[in-house]
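> Fold the following, please.
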Amino acid sequence: MTDQGKKIALIDDDDDFNVAAKRFFSTNGYPFDTFSTGEEALQAIAPDGYTHIFVDLKLPGISGLAVIKELVRTEAAETIVPISGYAQSNEALLAKKLCRVFVPKSDAFYATFIDMKTIIDADGPDWK
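Residues are numbered from 1 along each chain as shown. So this is what the prediction gives:
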């Protein structure tokens, strides 16, 4: 982990979003990994391997909600954050109940990254 003590993962099937996110967070000094499917992420992510995992709810194969449930069950990260462009969907409402925070996904990637970074920077022992 960096001096900041943060290690971030993003699970999203949008390759352009993943590339832009990796560039944004790496430039800001965060170790940042991306996964294109829930299955790929669940095979690779070990318990306590990340401080923050952001999960898109609309994934091919296993759903983002199912991924979140498994990540919560295995305590894969200190903070698991659902992201979605469909913030009022049934799946998003269920994910909001499982997680402390939610990030609405914008077509303007930078706005979404700023929301994600705000959560990462604010998160700490007193925030829980």
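
> how about the strands in the protein?
In the chain, the strands defined using DSSP state E lie at 8-11, 32-35, 50-56, 77-84, 103-104.

> now for the fourth one, which elements pack on it?
Other helices and strands packing on strand 77-84, by 3 or more Cβ pairs under 8 Å, 6 or more residues apart in numbering; DSSP states H and E, are strand 50-56, helix 64-73, helix 90-98, strand 103-104, helix 109-122. Glycine gets a C-beta too; all of them are placed from N, C-alpha and C.

> and the lowest-mean-pLDDT helix or strand in the chain, which residues are buried?
For the chain, scoring each helix and strand by mean pLDDT, DSSP states H and E identifies helix 90-98 as the least confident one, at a mean of 88. Residues 91, 92, 95 are the ones in helix 90-98 that count as buried (16 or more other Cβ atoms under 10 Å).

> for stretch 14-30, same thing?
The neighbour-count check on stretch 14-30 (16+ other Cβ under 10 Å) flags 14, 17, 18, 21, 22, 24, 25, 28, 30 as buried.

> For the first one, give its distance to residue 21.
For residue 14, the distance to residue 21 equals 9 Å [Cβ to Cβ, to the nearest Å].

> got it, and the last one?
Residue 30 sits 10 Å away from residue 21, going by Cβ to Cβ.

> Format the helices and strands packed on strand 77-84 as a markdown table; extra columns: distance to residue 6.
Below are the helices and strands packed on strand 77-84 laid out as a markdown table (distance: least, Cβ to Cβ, whole Å):
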| stretch | distance to residue 6 |
| --- | --- |
| strand 50-56 | 5 |
| helix 64-73 | 17 |
| helix 90-98 | 21 |
| strand 103-104 | 16 |
| helix 109-122 | 6 |
